[in-house]
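Asker: Next one to model:
(chains A, B, C and D, ligands or ions: 6)
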Amino acid sequence: MRPVNAVIREVAEENPTVRTFRFVPSFDPVPGQYLMVWVRGTDEVPMSFSYQDGITVQSLGEATEALFCLGPGKSVGLRGPLGNGFDLVGDRILLVGGGVGAAPLALLGERAREDGLEVTSLMGFRCSSDLIFRSRFEKMGDLVITTDDGSEGVCGRASAGLERLDPGSYDQIYLCGPEPMMMDVILRCRGFESRIQASINRYIKCGMGICGSCCLDPEGIRVCVEGPVIRADRLLKSEFGRYRRGPGGLKEYYRR
Amino acid sequence: MRPVNAVIREVAEENPTVRTFRFVPSFDPVPGQYLMVWVRGTDEVPMSFSYQDGITVQSLGEATEALFCLGPGKSVGLRGPLGNGFDLVGDRILLVGGGVGAAPLALLGERAREDGLEVTSLMGFRCSSDLIFRSRFEKMGDLVITTDDGSEGVCGRASAGLERLDPGSYDQIYLCGPEPMMMDVILRCRGFESRIQASINRYIKCGMGICGSCCLDPEGIRVCVEGPVIRADRLLKSEFGRYRRGPGGLKEYYRR
Amino acid sequence: MATLSGAVGGLVLRNPVMLAAGILGTTGSSLRRAARAGAGCVVTKSVGASPREGHPGPVVVQVEGGLINAMGLPNPSYKNFQEEIDLARQGGVPVVASIFGDGPEEFAEVASGLDADCFELNLSCPHAERYGSEIGCEPSNVEDITRAVKKSVDVPVWVKLTPNVADIVSLGKAAQRGGANAVVAINTLKAMAIDVETGRPILGNRFGGLSGPAIKPVAIRCVFDLSAALEVPVIGVGGISSWEDAAEMILAGAQGVQVGTALAGGYGIFGEITAGLERYLVRKGLTLMELRGAARKTP
Amino acid sequence: MATLSGAVGGLVLRNPVMLAAGILGTTGSSLRRAARAGAGCVVTKSVGASPREGHPGPVVVQVEGGLINAMGLPNPSYKNFQEEIDLARQGGVPVVASIFGDGPEEFAEVASGLDADCFELNLSCPHAERYGSEIGCEPSNVEDITRAVKKSVDVPVWVKLTPNVADIVSLGKAAQRGGANAVVAINTLKAMAIDVETGRPILGNRFGGLSGPAIKPVAIRCVFDLSAALEVPVIGVGGISSWEDAAEMILAGAQGVQVGTALAGGYGIFGEITAGLERYLVRKGLTLMELRGAARKTP
Ligand SMILES: Cc1cc2nc3c(=O)[nH]c(=O)nc-3n(C[C@H](O)[C@H](O)[C@H](O)COP(=O)(O)OP(=O)(O)OC[C@H]3O[C@@H](n4cnc5c(N)ncnc54)[C@H](O)[C@@H]3O)c2cc1C
Ligand SMILES: Cc1cc2nc3c(=O)[nH]c(=O)nc-3n(C[C@H](O)[C@H](O)[C@H](O)COP(=O)(O)OP(=O)(O)OC[C@H]3O[C@@H](n4cnc5c(N)ncnc54)[C@H](O)[C@@H]3O)c2cc1C
Ligand SMILES: Cc1cc2nc3c(=O)[nH]c(=O)nc-3n(C[C@H](O)[C@H](O)[C@H](O)COP(=O)(O)O)c2cc1C
Ligand SMILES: Cc1cc2nc3c(=O)[nH]c(=O)nc-3n(C[C@H](O)[C@H](O)[C@H](O)COP(=O)(O)O)c2cc1C
Ligand code: FES
Ligand code: FES
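Answerer: Ligands and ions are numbered 1, 2, ... in the order given. Alright, predicted model coming up:
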């Protein structure tokens, strides 16, 4: 399938560096699936669905900055929904997000509520002005917020907020956020890794499982098609949390 | 679709120059549809279905002779069913065949009987030893046979036998045989050409309506896909009966 | 209402969507039918100096995304072809005679022997010995043959190029030097299919030319490169089977497009493509001219 | 039970079905996974003298019958690649390092810097300036580069050829003269796709290479021609996505086959193809050797 032309219907500023783009047409994604967003003239980058018809983007570099220059009426090319999304399991679930990682979890939580599940959310941000999707998460059920600077909610990382909850009591935990934060949460949940699903970030180029850019050591999991949602027990046996690869395949280690 | 490999299951000698080849696999043709028969190493030629799984072939030249060298267990490549077959119309029908043109009519008549139609057949051959499918036609209903030399049935061409019948009394007449014979029948049935369907013969190469080898003047009817069965009223407005084209597109006129 | 009419390679056409050479082009009546079905002009089957029956069958084999053909240039020779052109002209659109030969003299002989609205030189058929791409892959041959035909006729001359080379642009430049009014790209890609059950090449001629959607990305690329490098217009052909394909080809730089293999779906294709193009131009508020080559202008 | 094992281009393989260059070949782990999934050997992503990030996206676009890619040879350079090869070797099959460079010296530098079971010289990538087919369409370059690499390593050297030329056989002969142990054909066809809504070339690099079923008939033809003309074995690649495709390629004359685009359907493709080939050989009562090039022997 060629990229589908999608017109930007609406842009919402979620915080100073994060915006939500809503498109026509809409899609039918499983929460956790992603789109390859072709910002014409710049690059094509992966973005998770935060709505059926939308993505929520943090401005980071060339492609995201170019996207931020596009307002309603402008268009992008979209390939998707791609990859394997989250699998809803059990009756009581916990969402743990960090920063823009809240995006796919918001869509997941809303889907879970529609299905009658009980949803608790733990969302970490750097500071109160970084908060996104507060009302979406509040509508779903309990929401614990953490901020690095304590300007809102619990002071500390999302993992700090975990102490206020009983993670073992949830049927399933869903993670999305910076890799060290996700690794931290997983390590604090040793013993029930198999009940944790994480949407992870790797360099996605082809999005169709052939170029090899997104593969996880040592199994060679193709994140773009077998992920981006992967169970924590598999992640623990992988490079996850230690390094990822850059666009040319060079390993980039996380600082400990 | 590439040519399907078909194994010859059985070869029956219908008369000294005509043989029936039955294949595995079988097909699901509308009577009147044809196959492109790839006699490997020689040529690919069109042949009408005379059975669901068979064709009945007159040895004429290179390809048909090469086919005659193949016995049970040997294989050919088949493309089909191709083209538009006969359309069964009404309750009482007449089949008029000449020589190996009896082949598609035998299959048609059997199908008509299954559907409860009344079938009369008029079949012309050169001499009694040329007769094919006598018992198939006899089983369907009335059968009038003509031979050019009078060695069996009515003496003369198939059209001569027409005088024994009341062609206007049939809901539909189905023709297949040498072009002058078919033209003769059609001309004798002026007034109800629109109730006559004829399976005609043109140089078929691609069998898919693109090469232009089979086209009928002056409308440009692509016999390979719009035919080989064409209604006589359309034929009367065409080159039919006057000329056909050879493999290079040269016109070959029929002697009158 | 957007208009599709305009000049294409020295002809004035009601629309830029043509019947490609060798497709339903052996008889005047099938050519006329294409014209009546909406083609902007029609190109005949390639005709040569003497009658040819073509290769033994199979002459076509379907493959994924297209088909391979090795018709072998069957034709009744130019000496028997004028009546077909005359009949085709009743369709009301220009009739382009596709011709082939083994060198400048034979090409000129065939062209001089026919009265047509335009000639398209087949220097690109990949499966006929001594003809087509066998001579057409050499720029000097392309130039000489183009010049020879230009000298012998006073209608536009188009040169159809083969993609089976490292540098199709050098062929286009040779045609331009020879005086071509347009180049046509592409003819089929050298290809082959083998029957797995018997190990036998399927085509009677063993080799053939690949056409259809499979080759469209190659054709788009050739047209893009040619139209960037040449002053004469480029006519795009290869895998066009929808208005989107035609638009893509025009965006790449084509002044006109030809439709071949897609005729397997019937003559309705001309109406579909022209109607689709018109709607598209209206929706975009663009003229055909503005569309042409627009892909080269994007930053 | 028919055996699929045998010598291919100087290696002894358990089966002749390989992972093609640039497909899931950036990391040792994905290469090892292909080996464990049943590949007879694995070819790495092409690596060069210095790290490259590749072209901006889109780097792939799906088209009818295949896809066009313009990855742009992203790779961490040979200096950072040995650990990937070492890990890949745990898959238990030979690891072929695909390498590229801008001339004989750079090719030799890269080859000397890696310990692999075989080298495949990428003289055919159609979308990286100064590399691949830009140099690989000249027989003299092919010969010189092959010779230079042969001198600097003592494992087999394969040369991967571009089909974007008038005469791929002359490239194959050049590789043979240079001492190649096998030639690999084909790399992708020069191609392009344009977005109809915006008129923009879709690939970040504008141009790319067409792969997948669309190009199989072209690949079959190249392999048929090469294997008829060369003494060194030919390894066939292009559009293979089933055992029938692999058989067709072997019938055309291939000693081994490589699978690329079909990996989009998952690693299971290796098992499917080898199982299918085995059943086919048993049914036909043939050995792999008897199958090879059988299409050339039919009358
Ligand atoms: C499955 C998946 C879902 C994602 N969902 C979101 C989301 O919902 N919202 C959001 O803001 N971000 C999301 N990202 C991250 C987003 O893709 C990158 O932020 C974006 O690609 C940055 O591109 P850039 O050109 O602006 O930055 P650049 O300056 O090119 O790069 C900045 C950093 O972004 C990352 N990056 C760049 N290109 C890619 C790529 N092709 N694939 C993966 N990472 C890349 C790298 O870590 C790089 O260092 C997701 C990533 C993945 C893999
Ligand atoms: C739709 C259709 C159905 C047919 N069904 C039958 C059938 O059931 N039984 C039967 O015996 N014959 C049938 N024929 C005729 C049959 O195709 C020819 O007899 C056969 O092609 C002769 O081939 P050859 O190589 O043996 O003879 P050649 O020596 O090549 O030719 C002998 C004559 O056969 C005709 N012929 C040759 N090739 C073709 C071709 N590709 N297309 C059409 N005519 C050709 C020409 O008139 C030619 O002069 C049918 C033809 C058509 C068009
Ligand atoms: C059956 C067939 C016959 C053809 N005959 C000719 C021909 O006589 N002369 C010619 O220049 N091109 C010939 N071609 C090539 C087409 O004109 C066209 O260049 C090619 O098929 C690519 O276009 P398509 O993909 O739309 O078919 C033929 C193609 C086919 C499929
Ligand atoms: C995404 C992608 C990346 C490729 N990278 C390389 C490469 O690095 N080196 C190379 O020699 N060929 C490369 N190729 C070409 C393939 O190895 C192969 O020759 C081509 O794709 C045809 O085979 P296929 O149709 O099975 O894919 C690449 C192909 C694709 C699709
Ligand atoms: S991004 Fe290409 S394999 Fe995953
Ligand atoms: S046989 Fe080719 S168009 Fe009918």
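
Asker: Can I get stretch C:155-165 in PDB, CA atoms only?
Answerer: Presented in PDB, the C-alpha positions along stretch C:155-165 are these (Å, rounded to 0.1, in the frame of the first residue of the first chain):
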ATOM      1  CA  VAL C 155       4.500  14.000 -40.400                       C
ATOM      2  CA  PRO C 156       5.700  13.900 -36.800                       C
ATOM      3  CA  VAL C 157       8.100  11.000 -35.900                       C
ATOM      4  CA  TRP C 158       8.200   9.500 -32.500                       C
ATOM      5  CA  VAL C 159      10.900   7.100 -31.300                       C
ATOM      6  CA  LYS C 160      10.000   4.300 -28.900                       C
ATOM      7  CA  LEU C 161      12.900   3.500 -26.600                       C
ATOM      8  CA  THR C 162      14.000   0.400 -24.800                       C
ATOM      9  CA  PRO C 163      14.500   0.400 -21.100                       C
ATOM     10  CA  ASN C 164      16.900  -2.500 -21.300                       C
ATOM     11  CA  VAL C 165      20.000  -0.300 -21.200                       C
END
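
Asker: quick one, phi psi at the residue in the stretch 101-250 of chain C that ligand 6 sits nearest to?
Answerer: Closest approach of the stretch 101-250 of chain C to ligand 6 (C-beta to the nearest ligand atom) occurs at C:S211, with a separation of 13.8 Å. C-betas here are computed from N, CA, C, even on glycine. For C:S211, the backbone dihedrals (degrees, to the nearest 10) come out as phi -130, psi 170.

Asker: Looks like A:F49 contacts A:L107 (just checking).
Answerer: Yes: the pair A:F49 and A:L107 qualifies as a contact (C-beta atoms under 8 Å) at a distance of 5.7 Å.

Asker: Could you name every residue contacting both of the two?
Answerer: Both A:F49 and A:L107 are in contact with A:P29, A:P31, where contact means C-beta atoms under 8 Å, 6 or more residues apart in numbering or on different chains.

Asker: For ligand 1, give me its nearest residue in chain A.
Answerer: Distances between chain A and ligand 1 by C-beta to the nearest ligand atom are smallest at A:G61, namely 1.8 Å.

Asker: circling back: what separation is there between the residue of the stretch 101-250 of chain C closest to ligand 6 and B:G83?
Answerer: 22 Å (C-beta to C-beta, to the nearest Å).

Asker: the more surrounded of these two?
Answerer: Using other C-beta atoms under 10 Å in any protein chain shown as the criterion, C:S211 and B:G83 rank with C:S211 on top: 31 against 27.

Asker: ok, the residue of the stretch 151-256 of chain A found nearest ligand 4 - how many residues close by?
Answerer: Taking C-beta to the nearest ligand atom, ligand 4 has its nearest neighbour within the stretch 151-256 of chain A at A:C211, 4.7 Å off. By the other C-beta under 10 Å criterion, the neighbourhood of A:C211 contains 28 residues.

Asker: Quick check: it is in a strand.
Answerer: No: assessed with DSSP: H, G, I helix; E, B strand; the rest coil, A:C211 is coil; it does not lie in a strand.

Asker: Quick check: it touching D:G57?
Answerer: No: in this structure, A:C211 sits apart from D:G57 without contact. The criterion is C-beta under 8 Å, and the distance is 10.7 Å.

Asker: Report the set of residues contacting both of those two.
Answerer: Contact with both A:C211 and D:G57 is made by residues A:K205, according to C-beta under 8 Å, 6+ apart.

Asker: Please pull out the lowest mean pLDDT helix or strand from the chain.
Answerer: Using chain A here. Averaged element by element with mean pLDDT, DSSP states H and E, chain A has its least confident helix or strand at helix A:158-162 (a mean of 85).

Asker: should've been chain C
Answerer: Ranked by mean pLDDT, DSSP H and E, the helix or strand of chain C with the weakest confidence is helix C:133-136, at a mean of 82.

Asker: Good, we can wrap up now.
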